[in-house]
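S.K.: got a predicted model here, sequence first, then my questions.
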Amino acid sequence: QVQLVESGGGLVQAGGSLRLSCAASGRTFSRYSVAWFRQAPGKEREFVVAISWSGGSTYYADSVKDRFTISRDNAKNTVYLQMNSLKAEDTAVYYCAADFRPGDTIATTDRWYAYWGQGTQVTVSS
């Protein structure tokens, strides 16, 4: 069983930066692939970025490529999402999700993730 807790959300002006954290409990977290999804009001949840258990594989949605960076520290059971050059359209609740994946692979659809955090609000003012 893995429990995930996101933090680091808040209100920021367009062009600013935030760093989200996803802290996990459970000894096997270091073997889990982790992804960030987000959901804006009135919209479906969408994939943002994912990282494999080793950190060797990452995949970004086109909308955040070159602005967001995912990383992980398995010794601290934590995954980070550095968000730079934020835009108003980045406003959403951000969720981290985790699950075991074979090899060093990642998944970009939410149905592949069994464990979810409660979400953290990111609001970007224009």
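M.R.: That came through, no problem. Every value quoted in this text rests on a predicted model; they were computed, and no experiment measured them.

S.K.: most remote residue from the chain's center?
M.R.: Relative to the mean C-alpha coordinate of the chain, counting by C-alpha atoms, centre = their mean, the farthest residue is Ser126 (22.7 Å).

S.K.: so that residue sits against Gly15, correct?
M.R.: No: at 9.6 Å, Ser126 and Gly15 do not qualify as touching, with contact defined as C-beta atoms under 8 Å. Every C-beta, even on glycine, is put in place using the N, C-alpha and C of the backbone.

S.K.: is Gln39 in contact with Thr91, as I believe?
M.R.: No: when contacts are counted by C-beta under 8 Å, Gln39 is not listed as touching Thr91 (10.5 Å).

S.K.: taking the mean pLDDT, what do you get for stretch 94-112?
M.R.: When pLDDT is averaged over stretch 94-112, the result is 93.
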